[in-house]
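Novice: Coordinates for the following, if possible.
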Amino acid sequence: RSNDDNIYVPLSSRDSLKYKARAHVGMLAAARGVAKNARKIIASELASNPHYDLIIVGHSLGGGTAAVLGTMWQDTFPGVVVYAYGCPCVGPLDAQPTINKSIISVVGEGDPFSCLSLGHLIDIASALSELCEDHSLRNRILSRTRSDVVNMSDKDLKWSIDKMKTLRRRVEIRMHAADLPEKFYPPGRILYMGGNLFSSSDNVTLREVTQSKFQNLRLHPRMLDLSQHIPHRYERVLNRVSTALRRSSSK
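Specialist: You can find the predicted model right below:
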C-alpha cells in the first residue's frame, strides 16, 4: 500500500494548481476522464456566452468526482461552483478539495458514506484491537455502560468520555507510528440535513458544519442503510426545506 495513490496530480500544465491538493485516486481518475471529454466544449460555450456561469453538480461518487473536477478547473474556469449531494469522503483535511469553499456538500444525517474512508475503517479496527487486548478496560466499559447515555450517572458518563479520549490518543499514536492511511472527509462547505428526514414533517434542519462532524465512524444498526443515501431522499428533503423557507418568508 502507498499513500502516493491518493496524491492529486494536475491534469496538465494548463490545469496546474498553485495550492496543495490531494484526492481519492478513483475520483481523480473519473474527474480526469470528464475533463478530457468536456473541457473544450465547456470552454467554447462559456466563450460564446460570457454571461453564463459554470456549476457542476453530482450525487454520491458523482459528487466526489464533481468536487475533484471543480478543484482541477479553478484556474481554467474562474468562479466555478460545485454542489455535491451525499458526497463521500474525497480527501484529507489539509488540502484541496476538502478546504475548497467553492464546493457545497449537502450531507444527510445517517448517510453511511459521509464518514467512510480507508482511514476511518483502520481507525475503528485499531480501536477494537485495543479493546480486545485490554481485557480490564473492556470489562470496565461494559460495566459502566449498561444503560443508554440518557440514563447514565454523571460519574459513569464522565469516566466514559475520559476513557474515549484516552483510547483515541492511543489509537492515533499507533496509526501515526505505522504510517497508516489518513482519514478522508466530505469536501468544501458542508450543509448538514437533520431532523425527521423520513417523514412528511417540516421538522428538518439544514445547518453548516465542519469536517470534524465526520471524524468518527459510528457503529449502529443502520450504519449501512443505503436508503439514507439515495438521491430521491436528498431531493425530497431539500424540497421540504425550500417549502418551509418560502412559507416563513411570506409571513
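
Novice: How many residues are close by Glu133?
Specialist: 9 (other CB atoms under 10 Å). C-beta: built from backbone N, CA, C; applies to glycine.

Novice: Would you mind listing the buried residues in stretch 169-179?
Specialist: Val171, Arg174, Met175 (16 or more other CB atoms under 10 Å).

Novice: Looking at stretch 184-202 now, give me its mean pLDDT.
Specialist: For stretch 184-202, mean pLDDT rounds to 85.

Novice: again but with stretch 24-34, I slipped
Specialist: 94.

Novice: do the same with stretch 77-84
Specialist: 97.

Novice: In it, which residues are buried?
Specialist: Phe77, Val80, Val82, Tyr83, Ala84.

Novice: My read is that the third one contacts Lys101, right?
Specialist: No. Counting by CB atoms under 8 Å, Val82 does not reach Lys101; the two are 10.5 Å apart.

Novice: which residues are common contacts for those two?
Specialist: Gly188 (CB atoms under 8 Å, 6 or more residues apart in numbering).

Novice: related to what we said a few turns ago, mind listing which of the buried residues of stretch 77-84 are in strands?
Specialist: Within these, residues falling in strands by DSSP state E are Val82, Tyr83, Ala84.

Novice: so which of those residues would you say is closest to Arg146?
Specialist: Ala84 (40.7 Å; CB to CB).

Novice: With adjacent residues omitted, what lies nearest to the closest one?
Specialist: Of all residues not flanking Ala84 in the chain, Gly63 sits nearest, at 3.2 Å (CB to CB, 6 or more residues apart in numbering).

Novice: what about that neighbour, neighbour count?
Specialist: 30.

Novice: what residues are up against it?
Specialist: So Gly63 contacts Ala84, Tyr85, Gly86, Cys87, Pro88, Ser105 (CB under 8 Å, 6+ apart).

Novice: measure the residue nearest to Asn216 when sequence neighbours are not counted to Tyr185 for me?
Specialist: Using CB to CB, 6+ apart and skipping residues adjacent in sequence, the residue nearest Asn216 is Cys115, 6.7 Å away. According to CB to CB, to the nearest Å, Cys115 and Tyr185 sit 8 Å apart.

Novice: Next, format the buried residues of stretch 77-84 as JSON lines and append distance to Pro92.
Specialist: Output for these, formatted as JSON lines (distance: CB to CB, whole Å):
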{"residue": "Phe77", "distance to Pro92": "25"}
{"residue": "Val80", "distance to Pro92": "22"}
{"residue": "Val82", "distance to Pro92": "18"}
{"residue": "Tyr83", "distance to Pro92": "22"}
{"residue": "Ala84", "distance to Pro92": "17"}
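
Novice: State the pair within those that is farthest apart.
Specialist: Phe77 and Ala84, at 16.9 Å, using CB to CB across the buried residues of stretch 77-84.

Novice: Please enumerate the helices of the protein.
Specialist: 25-48, 61-72, 118-133, 135-144, 154-177, 231-250 (DSSP state H).

Novice: any idea which of the ones you listed is most buried?
Specialist: A comparison of the helices of the chain by mean neighbour count, using mean count of other CB atoms under 10 Å, puts helix 61-72 on top with a mean of 27.

Novice: Any buried residues in stretch 211-230, and which?
Specialist: Under 16+ other CB under 10 Å, the buried positions of stretch 211-230 are Gln211, Phe214, Leu217, Gln228, His229.

Novice: Enumerate every residue touching the most centrally placed residue in the chain.
Specialist: Geometric centre of the chain, nearest residue: Pro186, 2.2 Å, by CA atoms, centre = their mean. Residues in contact with Pro186 (CB under 8 Å, 6+ apart) are Ala84, Cys87, Pro88, Cys89, Val90, Thr98, Ser105, Val107, Ser114, Gln211, Phe214.

Novice: For the protein, which residues score under the pLDDT cut-off?
Specialist: 1-19, 198-202, 251 (pLDDT under 70).
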